[in-house]
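A.B. asks: Just a sequence and a predicted model for now, questions to come.
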Amino acid sequence: MQKVTAILLGAGDRGARAYAPYALNYPHELQIVAVAEPDEERRAAFTSAHHIAPERSVENWELLLAQPKIADIAIICTQDQMHYHPTLQALELGYHVLLEKPMSPSPEECVEMELMAKKHNRLLTICHVLRYTAFWTAMKRVIDEGKIGQIVNIQLNENVGNMHMAHSFVRGNWNNAEKSSPMILAKSCHDMDILSYIMGEPCERITSFGSLMHFNEDHAPEGAPARCLDGCPAESTCQYYAPKYYLGAGRRWSRKFTMDTSNEGIIEALRTTPYGKCVYRSENNVVDHQVVNMEFASGATAMFSMCGFTRDNTRILQIMGTKGDIRGNMEEDEFTVHDFVTNEQTTVRVHASEEGHSGGDSGIVRSFLNEVRTYNGGESSSSASVSVRSHLMSFAAEESRLNGGKPVAIDEFYKRLVTV
């Protein structure tokens, strides 16, 4: 098997822990030969783990892409607002690109990246990793086999989990739409994409409602300081008290903001990083709940609900067709198919990998490498062309939400972009 070489832009959680481990687990398939990462400690650890030459370990992506092409692919995992420029440059240099989602917080940039990939005849694959999990691929196969007839309606709930909500979208990197992306894009573009994938047809109209209802100063306990460690009077009753969580059940999450996961290292990080802030006194402005209604080309509809106030972090859905329905819970790795004609009920159980996103992280890397080896100008399952469409669903939903739920037509939204 031909080994593929790669450069990595951004050795944070997604770059270093989601996609790069594939090179360590399957060194005959993938080798990472260069890295760009501004955090010196992370960069040093990654350089050592992957045996990267010192001259190819740099602090920013500009330095790496200023050089001639040195590998087959570029894996881009910079922050959301830093995807556009490195992606364009990598494509211009001739790299095939695996790009972390979302493509960009700007719909215009998303469209331009898609067009640039076509111009340079390069793969641009977006990390919509749910498509590569056993759960969703098995469900798609059942639908394509006609087991439930034509889809009429889908109901999909994204249960974010209250502590995941607090960690990533209140204290974390995706807490502010202006600095990263709106919630519907940063978190739920996965869901817009999987709905598009399952439905297998274009979404035509969208409406949406949602708000930041709870995680704001109006709900701060009386006397709560800016940081949990500064003497919070609600320490014993607040579920979000940072030391209790990150030194206990949420210790694994501490790896995302400190390399030193000893008790002392975590406590020091909680004194200095946003992860030690009171969840009611953070700089967050993304919604903590949102609903989206969609109408597809055939007249089929879908209803999506994202909520940050759930115990479990999972996705629950019901797909209703003309000949049967499907009900499933991603966390349980199974779904049930009910046949209306025979009244038979079949439970489909999948073997979900323990790797990230139930195997989706490694699955997309494996698929991308195979597509690079056999590339002849085709598209991948989650190519830019496919992903732009589902991204536009997210952008249209946010526009509707900000305008009181006013319906947005996807084609009209797209035409506004290409004529700007």
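C.D. replies: Cool, got the structure. Remember, predicted model here, so these are calculated numbers, not experimental data.
A.B. asks: Give the buried residues for the helix or strand in which Val418 is found.
C.D. replies: Using DSSP states H and E, Val418 maps to helix 410-419. The neighbour-count check on helix 410-419 (16 or more other Cβ atoms under 10 Å) flags 410, 413-414, 417 as buried. Glycine gets a C-beta too; all of them are placed from N, C-alpha and C.
A.B. asks: Would you mind putting these into TSV with pLDDT and distance to Glu59 alongside?
C.D. replies: Below are the buried residues of helix 410-419 laid out as TSV (pLDDT from 0 to 100; distance: Cβ to Cβ, whole Å):
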residue	pLDDT	distance to Glu59
Ile410	94	40
Phe413	89	38
Tyr414	84	37
Leu417	78	34
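A.B. asks: With respect to Asp312, which of these is nearest?
C.D. replies: Asp312 lies nearest to Ile410 out of those, by Cβ to Cβ, at 31.3 Å.
A.B. asks: what residues are up against the residue lying closest to Glu114 once chain neighbours are set aside?
C.D. replies: Nearest residue to Glu114 in three dimensions, chain neighbours excluded: Ala384, at 4.0 Å (Cβ to Cβ, 6 or more residues apart in numbering). Contact analysis of Ala384 by Cβ atoms under 8 Å, 6 or more residues apart in numbering lists 103, 110, 113-114, 117, 124-126.
A.B. asks: measure Ala384 to Arg56 for me?
C.D. replies: According to Cβ to Cβ, to the nearest Å, Ala384 and Arg56 sit 27 Å apart.
A.B. asks: circling back to that earlier point, of the buried residues of helix 410-419, which is the nearest to Met393?
C.D. replies: Ile410 (6.8 Å).
A.B. asks: pLDDT averaged over stretch 57-77 - what is it?
C.D. replies: Averaged across stretch 57-77, pLDDT comes to 96.
A.B. asks: now stretch 43-53
C.D. replies: Across stretch 43-53, pLDDT averages out at 97.
A.B. asks: so what's His351 up against?
C.D. replies: So His351 contacts 134, 333 (Cβ under 8 Å, 6+ apart).
A.B. asks: and it, that one's in a helix?
C.D. replies: No. His351: not assigned to a helix; according to DSSP: H, G, I helix; E, B strand; the rest coil it is coil.
A.B. asks: Roughly how far does it sit from Glu29?
C.D. replies: Separation of His351 from Glu29 (Cβ to Cβ) stands at 22 Å.
A.B. asks: Tell me what Thr5 is bridged to.
C.D. replies: Beta-bridge partners recorded for Thr5 (DSSP bridges): Gln31.
A.B. asks: Correct me if wrong: it contacts Gln31.
C.D. replies: Yes. Here Thr5 reaches Gln31: they are 5.2 Å apart, a contact under Cβ atoms under 8 Å.
A.B. asks: More neighbours: these two, which one.
C.D. replies: Gln31 (18 against 14; other Cβ atoms under 10 Å).
A.B. asks: Return the per-residue confidence for that one.
C.D. replies: Note on Gln31: pLDDT of 98.
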